[in-house]
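1. Based on what follows, work out the 3D shape:
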Amino acid sequence: MSINRRNIQPETLHQRRVDNRVLYSHVVSVEPRRLIFISGQLARDKDGGIVGIGDMRRQLRQTLENIKAALEAAGATACTTATNFAPCTTRSGKNWNARFGIRRGMRHHEIRRDKKGNL
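-> Just a heads-up that it's a prediction; the model follows:
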């Protein structure tokens, strides 16, 4: 069985470059069993600027928008997500996971099908 790997760089996400070379892929899709891996996302806009300095909710919103863009670039949605990991802390180490009710560590979601029965 051959394994096909595809690196995906969504246009809406910042591409960090050194010597005009992209340092990492935001999304990697592996087949034949279609697994999608998304790199750690931050509260950054397309130009690499930090969004919502001092506003944790705005930063979290931007990070989730970046994850959404990464999933869409791979042809997936949040409804098809099986597992994600979302640690949220401040520079002072304050645990935002507890404040917003996010369990520390892995967070599992059931895999849901859309109205047509697709994952």
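2. Tell me the spacing between residue 65 and residue 76.
-> Residue 65 sits 15 Å away from residue 76, going by CB to CB, to the nearest Å. To be clear about C-beta, it is placed using only N, CA and C from the backbone, and glycine gets the same treatment.
3. which helices and strands sit right next to the longest helix anywhere in the chain?
-> Across the chain, the longest stretch assigned as helix under DSSP state H is helix 56-73. Contacts defined by 3 or more CB pairs under 8 Å, 6 or more residues apart in numbering; DSSP states H and E place helix 56-73 against strand 27-31, strand 35-38.
4. Pull out the buried positions in that helix.
-> Residues of helix 56-73 classed as buried by neighbour count (16 or more other CB atoms under 10 Å): 56, 59-60, 62-63, 65-71, 73.
5. Pull the residues that contact that helix.
-> Contacts to helix 56-73, defined as CB atoms under 8 Å, 6 or more residues apart in numbering, come from residues 8-10, 12-13, 26-27, 36, 38-39, 41-45, 50-52, 77-78, 80-81, 84, 88, 90, 96, 100.
6. one more time with 6 Å
-> Here helix 56-73 makes contact (CB atoms under 6 Å, 6 or more residues apart in numbering) with 8, 10, 12-13, 26-27, 38, 41, 43, 51-52, 77, 96.
7. One more: stretch 8-26?
-> Outside stretch 8-26, the residues that reach it (CB under 6 Å, 6+ apart) are 7, 27, 39, 44, 46, 48, 66, 69-70, 73-74.
8. show me where pLDDT drops low in this structure?
-> Across the chain, residues meeting the criterion (pLDDT under 70) sit at 82-119.
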